[in-house]
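Asks: Pasting the sequence and the predicted model now:
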Amino acid sequence: MPLDLTVTSQPVTKIRDGLEYKHSDPNDLSLFTERAVFERVPILADIDSLPEAMDGYHAIFNRATGQLVDMRPIAKSYQLVPHQDMLAAQSRQLADSQLAGQRVQVVDRLFEAGKKAHRTIYFQDMKADVKSRAGSDSVVPRLDVFNSIDMSWAFQVFSGAYRDLCRNTLVFGGQKAYHQKKKHTRNLDTASLTGKAMLSLDMFTNQRELMDSWAATGLSERQFRNILEGTICQRAARPSDKEEAEPVNKGLLDYLLYQYREETEELGETLWAGYNALTHWATHTLERGRKTQKTHDVTRQRNDRVRDVLTSDGWMELERVAACA
């Protein structure tokens, strides 16, 4: 079926190891809510004929089917991310984003009795021409999210113009705008990751030349550090500061440099990696944010500070050098 055709709801069909449901409404979570609603439940041990909860571990109960899930217990440190909660947050983000109003095709999949989930959203009005070995390849930009509740898959989110994405997350035939892979730890913020994927996809499609330029422009860690120290990581001087030292928010600097290293694994030492490190901080308001602050206020303030970096002399000089190369 061509990807640029509008797809209406179709019956759930069986696929290898699971089920598939194609439709056109990101708010339609029926495949997940009717078959895979998971929650933690205590594990009870019979000690001297008295039931006693097993401390630190839980079993998983599927409320949609009324059955315990056949899987090993999960520890307190494992963040259970229910499929429907994560995808509901993504659908709200989409409704509030620049991508709202697009014709979409949604493909929802459940594997292994619902323990693994995969959603793909194709944006049919944003067909892109991507260079390939065979020449120009017309591809429909897409968002992909992978999730599991049994520790078998890390949480992953992709965005970009690529044709195929297999279940081991190797991408073929296209270009990624964004990719993150995170374990289910306590500080996993899935909403921030899916939101960031949308930002990257919007930029990929609407500011393609700029993104391509940033992806092709080198940015060493030292250069990125210098830009950060002169912009977003500057702080007011304190009486305890040494006279020769520049006042720098070291905690934020270390955080951004760490995230830059994470991004370079996928994107190389480029301005695009630096941009993604900055937007990671701007959208991950649960990290390094005061609990008393409102999330939308923090996001707006951080976006303003990121724009200051992108218009700084250091950043724009690298853009000029790349343009003259």
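Replies: Okay, I see it. Residues are numbered from 1 along each chain as shown.
Asks: can you pull the contacts of N276?
Replies: Counting by Cβ atoms under 8 Å, 6 or more residues apart in numbering, N276 makes contact with Y178, K196, S200, E263, L267. From N, CA and C alone the C-beta is placed, and that goes for glycine too.
Asks: do L19 as well
Replies: Counted by Cβ under 8 Å, 6+ apart, L19 has contacts V12, T13, L31, R35, R109, L110.
Asks: for the fifth one, which residues make a bridge with it?
Replies: Pointing back at R109 there. E20, H118 (DSSP bridges).
Asks: any idea how far it is from V140?
Replies: In this view, R109 and V140 are 18 Å apart by Cβ to Cβ, to the nearest Å.
Asks: Remind me which helix or strand the residue nearest in space to the middle of the chain belongs to.
Replies: The structure's the chain has its C-alpha centroid closest to L193; by Cα atoms, centre = their mean the separation is 2.7 Å. Taking DSSP states H and E as the criterion, the element that holds L193 is helix 190-206.
Asks: where does the stretch 101-250 of the chain dip in pLDDT?
Replies: 129-137, 164-174, 238-245 (pLDDT under 70).
Asks: Tell me where the stretch 201-325 of the chain has helices.
Replies: 208-216, 221-229, 250-267, 271-283, 295-310, 313-324 (DSSP state H, counting those that start in this stretch).
Asks: quick one, which of these is packed in tightest?
Replies: helix 271-283 (a mean of 24; mean count of other Cβ atoms under 10 Å).
Asks: tell me the mean pLDDT over that one?
Replies: Averaged across helix 271-283, pLDDT comes to 86.
Asks: do stretch 12-23 as well
Replies: Per-residue scores along stretch 12-23 average to 91.
Asks: Make 44 the first number, not 1, from now on.
Replies: Okay, using 44 as the starting number, the last item reads as stretch 55-66.
Asks: Start and end of that stretch, how far apart?
Replies: Start to finish, the residues bounding stretch 55-66 are 10 Å apart (Cα to Cα, to the nearest Å).
Asks: Name the residues of that stretch that come out as buried.
Replies: Residues V55, G61, L62, E63, Y64, K65, H66 are the ones in stretch 55-66 that count as buried (16 or more other Cβ atoms under 10 Å).
Asks: which pair in these spans the largest distance?
Replies: Across these, the longest distance by Cβ to Cβ is 16.4 Å; it joins G61 and H66.
Asks: can I get the helices of the stretch 244-368 of the chain in CSV with distance to S140?
Replies: Output for the helices of the stretch 244-368 of the chain, formatted as CSV (distance: least, Cβ to Cβ, whole Å):
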stretch, distance to S140
helix 251-259, 17
helix 264-272, 27
helix 293-310, 21
helix 314-326, 12
helix 338-353, 13
helix 356-367, 25
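Asks: for the stretch 44-193 of the chain, what spans make up the strands?
Replies: Taking DSSP state E, counting those that start in this stretch to define them, one finds strands in the stretch 44-193 of the chain at 56-58, 61-66, 81-90, 93-105, 110-111, 117-118, 147-154, 159-166, 171-175, 178-182, 185-191.
Asks: isn't S195 right up against F154?
Replies: No. Using Cβ atoms under 8 Å, S195 is not in contact with F154, being 9.4 Å away.
Asks: When the two are compared, which one has more neighbours?
Replies: The residue with more neighbours, out of S195 and F154, is F154; 20 against 11, by other Cβ atoms under 10 Å.
Asks: OK, contacts around that one?
Replies: Contact partners of F154, counting by Cβ under 8 Å, 6+ apart, are D60, G61, A160, H161, R210.
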